[in-house]
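*Asks:* Build me a model from this:
(one chain, ligands or ions: 2)
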Amino acid sequence: MNKPVEEGVILDAKKRYSAGVLKYRQMGYWDADYQPKDTDVLCLFRITPQEGVDPIEAAAAVAGESSTATWTVVWTDRLTACDTYRAKAYKVEPVPGNPGQYFAWVAYDLILFEEGSIANMTASLIGNVFSFKPLKACRLEDTRIPVAYVKTFKGPPTGMVVERERLDKFGRPLLGATTKPKLGLSGRNYGRVVYEGLKGGLDFMKDDENINSQPFMHWRDRFLFVMDAVNKASAVTGEVKGSYLNVTAATMEDMYERAEFAKSLGSVIVMVDLVIGWTAIQSMANWCRKNDMIMHMHRAGHGTYTRQKSHGVSFRVIAKWLRLAGCDHLHTGTAVGKLEGDPMTVQGYYNVCRESITRQDLPRGLFFDQDWADLKKVMPVASGGIHAGQMHQLIDLFGDDVVLQFGGGTIGHPQGIQAGAVANRVALECMVKARNEGRDIKHEGPQILQKAAQFCSPLKQALDTWGDITFNYASTDTSDYAVTPSVGL
Ligand SMILES: O=C(O)[C@H](O)COP(=O)(O)O
Ligand SMILES: [Mg+2]
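*Replies:* Ligands and ions are numbered 1, 2, ... in the order given. Below you'll find the predicted structure:
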């Protein structure tokens with residue numbers, strides 16, 4: 001930006017539209033007096049301006065580049081209702097305890113977005129702006145989608161309430177496991193793992209994120225053997241069972257073909273990975289809606305842009321977009337397992353999935369009230385390095401509306417897969433019972449598990465094998481507010 005002269009917005013049209021380069025704040029992308037409208041999309045960016053770049057100008061640049069602006073004045077603005085169409089940065093504050101970083105609030109008029117399109121909304125909000133040179137780094141921390149825009153999305157195809165009704169399972173977390181090893185099993189052996197897990201007491205088994213149709217197991221083989229296992233396990237146990245069949249593939253045509261086959265075999269659920277992209281996700285959600293299928297979403301790939309606090313997109317934003325786009329299950333973290341996840345931050349993601357209105361909750365990373373306008377609820381999935389010995393922590397952190405998924409923590413059991421499943425089901429049921437009786441499971445959990453293990457050798461073996469396993473590493477994605485500050489943000 002070479003020369004600008006005035007700091008404030010330039011109102012004189014002659015000056016404003018003479019050819020050349022102006023500061024973004026001079027062009028009108030900063031308005032400290034702006035009162036966001038109920039119909040505006042709001043975003044909170046964490047920006048790290050380059051040395052010497054004024055934070056307000058940096059915030060204005062974010063508003064500009066993520067809405068209507070480019071680097072130079074264009075007279076064609078005057079052919080539009082540009083005063084309305086410009087996004088407005090309206091507040092900038094230093095991030096507590098992080099010198100050089102600023103929170104910048106930006107409001108976008110609803111007219112800037114196509115109804116029901118995550119692709120369109122994200123092309124603005126995270127389009128060019130994250131590579132913008134005056135910023136060292138930029139992170140979309142949170143967003144508020146106005147009810148008017150929420151109502152243009154169809155949301156989860158099935159939703160948490162209907163899922164429980166279809167499964168006929170209430171009052172406890174659902175229990176699952178990811179089939180392991182991740183890659184390499186033949187269809188027949190894969191089906192054996194699924195049968196044993198389900199018969200042992202799990203509600204669901206699950207394909208891993210990277211199992212599609214590799215040379216060792218064609219997708220049709222997998223689907224056939226898995227559904228044979230599901231049907232046999234349902235018959236033996238008298239419970240509704242399922243196994244998420246991953247239909248992720250190279251093209252939409254392939255995904256539809258796989259989903260149709262899953263349906264024809266009687267599956268209640270299909271699965272996709274986040275890496276298929278927003279448009280594909282919305283298309284698969286439409287397919288699931290039409291075909292009464294639960295849609296499981298594995299957040300494969302998200303850590304490449306959600307984990308670092310200074311740059312990328314927070315997972316709470318991804319979770320909001322996914323609830324709008326429409327998935328029924330979403331991997332949202334475990335806090336205690338092998339993957340990144342500060343407990344409070346992870347609880348924030350769960351609230352985004354499960355609440356009718358998500359309220360501002362700064363210690364959990366939520367900056368805005370979000371009214372979901374009765375959009376269905378997403379069932380969060382806790383998966384990644386968890387085991388029976390953590391059951392009390394998981395239930396204490398996440399409550400009942402969650403799928404607890406133990407892959408290695410089922411398949412790796414020394415007495416075999418079925419024993420692994422029994423251990424998890426017994427641990428789950430004894431903990432829910434203890435909680436319902438009013439016990440303090442957070443503190444008494446280990447004794448409650450040991451007591452149950454006296455009558456359940458699979459649980460005893462699980463605790464002996466994994467009871468001491470913890471993943472105690474510092475979290476990278478934590479809130480900047482230990483408690484809610486007294487001044488409203
Ligand atoms: O995709 C997943 O959720 C993980 O592969 C879970 O596996 P784990 O329980 O063995 O960590
Ligand atoms: Mg996995």
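*Asks:* so which helix or strand takes in the residue in the stretch 201-350 of the chain positioned nearest to ligand 2?
*Replies:* Nearest residue of the stretch 201-350 of the chain to ligand 2: Asp208, at 4.4 Å (CB to the ion). In short, each C-beta sits where N, CA and C put it, glycine included. Per DSSP states H and E: Asp208 is located in neither a helix nor a strand.
*Asks:* Once you drop chain neighbours, what's closest to it?
*Replies:* Sequence neighbours aside, Lys182 is the residue nearest to Asp208 in space, at 4.4 Å (criterion: CB to CB, 6 or more residues apart in numbering).
*Asks:* what's the answer for Glu444, then?
*Replies:* Ala434 is the one closest to Glu444 (CB to CB, 6+ apart), at 7.2 Å.
*Asks:* Assign that neighbour to helix, strand or coil.
*Replies:* helix (DSSP: H, G, I helix; E, B strand; the rest coil).
*Asks:* and it, what is it in contact with?
*Replies:* By CB atoms under 8 Å, 6 or more residues apart in numbering, the contact set of Ala434 is 441, 444, 448.
*Asks:* before we move on, what about Ala104?
*Replies:* Ala104 is in contact with 44-47, 55, 58-59, 62-63, 89, 91-92, counting by CB under 8 Å, 6+ apart.
*Asks:* change it to 10 Å
*Replies:* 30, 43-47, 49, 55-56, 58-63, 89-93, 138, 141 (CB atoms under 10 Å, 6 or more residues apart in numbering).
*Asks:* rewinding a little: and the gap between the residue nearest to Glu444 and ligand 1?
*Replies:* Computed as CB to the nearest ligand atom, to the nearest Å, the Ala434 to ligand 1 distance reads 24 Å.
*Asks:* Within range of ligand 2, give me the residues from the stretch 201-350 of the chain.
*Replies:* Near ligand 2, the residues belonging to the stretch 201-350 of the chain are 208-209 when assessed by CB under 5 Å from the ion.
*Asks:* Who's the closest spatial neighbour of Lys377, skipping the chain neighbours?
*Replies:* Closest residue to Lys377 apart from its sequence neighbours, by CB to CB, 6+ apart: Met160 at 4.1 Å.
*Asks:* Is it correct that Val402 is in contact with Ile395?
*Replies:* Yes - using CB atoms under 10 Å, Val402 is in contact with Ile395, at 8.6 Å.
*Asks:* Tell me how far the residue nearest to Asp208 lies from Arg222.
*Replies:* To Arg222, Lys182 is 13 Å away according to CB to CB, to the nearest Å.
*Asks:* Also Gln50?
*Replies:* According to CB to CB, Gln50 and Arg222 sit 50 Å apart.
*Asks:* Neighbour count: these two, which is higher?
*Replies:* For Gln50 versus Arg222, neighbours defined as other CB atoms under 10 Å are more numerous around Arg222 (26 against 13).
*Asks:* Just say helix, strand or coil for that one.
*Replies:* helix.
*Asks:* which residues touch it?
*Replies:* Contacts of Arg222 (CB under 10 Å, 6+ apart): 179, 185-187, 190-191, 194, 207, 211-214, 243, 245-246, 258.
*Asks:* And for Thr478?
*Replies:* 309, 342-345, 363, 365.
*Asks:* where does the residue in the stretch 51-200 of the chain that ligand 1 sits nearest to fall, phi/psi-wise?
*Replies:* Closest approach between the stretch 51-200 of the chain and ligand 1, counting by CB to the nearest ligand atom: Thr178, at 4.1 Å. Torsion angles at Thr178 (phi, psi; degrees, to the nearest 10) stand at phi -90, psi 130.
*Asks:* now swap in Val426 and tell me
*Replies:* phi -70, psi -40.
*Asks:* And it, how far from Thr84?
*Replies:* 60 Å.
*Asks:* And the two? Which one has more around it.
*Replies:* Counted by other CB under 10 Å, Val426 and Thr84 do not tie: Val426 has more neighbours, with 21 against 11.
*Asks:* Wait, that one touches Gln454, no?
*Replies:* No - judged on CB under 10 Å, Val426 makes no contact with Gln454 at a distance of 11.2 Å.
*Asks:* Now the common contact residues for the two.
*Replies:* Shared contacts of Val426 and Gln454, defined by CB under 10 Å, 6+ apart, are absent.
*Asks:* Quick one, grab the pLDDT at whatever residue of the chain ends up closest to ligand 1.
*Replies:* Ligand 1 sits closest to Gly407 of the chain, with a gap of 2.8 Å, by CB to the nearest ligand atom. On pLDDT, Gly407 comes in at 96.
*Asks:* need the contact list for it.
*Replies:* By CB under 10 Å, 6+ apart, the contact list for Gly407 reads 176-182, 197, 205-206, 208, 383-387, 420.
*Asks:* Skipping adjacent residues, who's closest to it in space?
*Replies:* In this structure, Gly407 finds its nearest non-sequential neighbour in Thr178, 3.4 Å apart by CB to CB, 6+ apart.
*Asks:* That neighbour contacts Ala382, doesn't it?
*Replies:* No - when contacts are counted by CB under 10 Å, Thr178 is not listed as touching Ala382 (11.9 Å).
*Asks:* Mutual contacts of those two, please.
*Replies:* Joint contacts of Thr178 and Ala382 (CB under 10 Å, 6+ apart) are 405-406.
*Asks:* Can you tell me the element the most centrally placed residue in the chain falls in?
*Replies:* Central residue of the chain (CA atoms, centre = their mean): Ala319, 3.3 Å from the mean position. Ala319 is part of helix 315-325, with elements assigned from DSSP H and E.
*Asks:* how distant is that helix from the center of its chain?
*Replies:* What separates the centre of helix 315-325 from the centre of its chain is 6 Å, taken as CA atoms, centre = their mean, to the nearest Å.
*Asks:* Ok, stretch 210-226 next?
*Replies:* Here stretch 210-226 is found 26 Å from its chain centre; the criterion is CA atoms, centre = their mean.
*Asks:* then it to CSV, C-alphas only?
*Replies:* C-alpha atoms of stretch 210-226 as CSV (Å, rounded to 0.1, in the frame of the first residue of the first chain):
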residue,chain,number,x,y,z
ASN,A,210,-8.5,-44.1,4.7
ILE,A,211,-10.3,-47.3,3.7
ASN,A,212,-12.0,-47.0,0.3
SER,A,213,-11.4,-49.5,-2.4
GLN,A,214,-7.7,-50.5,-2.4
PRO,A,215,-6.3,-53.6,-4.1
PHE,A,216,-6.4,-55.8,-0.9
MET,A,217,-10.2,-55.2,-0.5
HIS,A,218,-12.6,-54.0,-3.2
TRP,A,219,-15.4,-51.8,-1.7
ARG,A,220,-18.2,-54.2,-2.7
ASP,A,221,-16.4,-57.0,-0.9
ARG,A,222,-16.2,-54.9,2.2
PHE,A,223,-19.8,-53.9,2.1
LEU,A,224,-21.0,-57.5,1.5
PHE,A,225,-18.9,-59.0,4.4
VAL,A,226,-19.7,-56.1,6.7
